[in-house]
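**Q** based on what follows, work out the 3D shape:
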Amino acid sequence: MPADRRPWDARAAAWLVAPLRGTALTPNHLTTIRLIVGLCGTLVFASGQQLLLAALLVMLSNFLDHTDGEFARMTGQYSAFGHYYDLIADAIVTAGLFVGIGIGLRGGELGTPAILYGLIAGVAVAAIFQIRNVLENHLGKAATRQVSAGGFEAEDVLYLLPLVIVFDVLDGFLIAAAIGTPLALAIVAVDFHRRMRTPAP
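**A** Predicted coordinates for the structure are as follows:
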């Protein structure tokens, strides 16, 4: 039997939803739950209060992101709508996270520029999602598979958000995001143009 190469959180998500087979639950229900939890985390961040709760909600949402896909695989409930709904939910939560953090930090040391930093990171993240969507439509899902190592993917950095709050480095996290996400966008854009020269299979 081949080794399970899925990220550790995807395997944990599959274990969590396995007992729900045979119920009225659908993958889209799970996507909606993930979206609601993520938006709640974003709104709490934007309030500038209860930051640890906000981080935990976003961390939970990031984990729940795997449940819909795993449940669809084990029940055969695939749909084009469900796939795009999942992608849109991912983009809204991830981009909204940075915007929410920026709004919440506007009354701190960063001041009003915190909102700009959040917008820069949020827009860059949204653009990355859109580029990956176009790339997937052109070359297939395999073309957008994330690089992983040791069962971890790049998006798993969001699991560190509670530590960012505990160690009081949210300002630095936002600044790093405002610098790092546009750089990531540039890399993704260059890769996109290179791949789009390749004829679709």
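**Q** what stretches of the chain score poorly on pLDDT?
**A** Low-confidence segments of the chain, defined by pLDDT under 70: 1-4, 141-151, 198-201.
**Q** tell me where it has helices.
**A** Secondary structure of the chain by DSSP state H: the helices cover 8-17, 27-47, 51-75, 80-104, 113-139, 161-166, 170-196.
**Q** quick one: which of the ones you listed is nearest residue 155?
**A** When the helices of the chain are compared by C-beta to C-beta, helix 51-75 sits nearest residue 155, at 6.7 Å. Placement of C-beta: from N, CA and C, glycine included.
**Q** what's the angle between that closest one and helix 27-47?
**A** Per axes from the mean of the first three to the mean of the last three C-alpha atoms, to 10 degrees, the angle that helix 51-75 makes with helix 27-47 is 170 degrees.
**Q** any idea how far residue 16 lies from residue 157?
**A** Here residue 16 is placed at a distance of 22 Å from residue 157 (C-beta to C-beta, to the nearest Å).
**Q** more neighbours, these two?
**A** Applying other C-beta atoms under 10 Å to residue 16 and residue 157 shows that residue 16 carries more neighbours, namely 16 against 13.
**Q** now that one: closest residue in space, sequence neighbours ignored.
**A** residue 67 (6.5 Å; C-beta to C-beta, 6 or more residues apart in numbering).
**Q** residue contacts, that neighbour?
**A** Residue 67 makes contacts with 13, 16-17, 30, 33-34, as judged by C-beta atoms under 8 Å, 6 or more residues apart in numbering.
**Q** now do it against residue 120, distance only.
**A** Relative to residue 120, residue 67 is positioned 31 Å away (C-beta to C-beta).
**Q** could you do residue 159 as well?
**A** Distance of residue 159 to residue 120, given as C-beta to C-beta: 23 Å.
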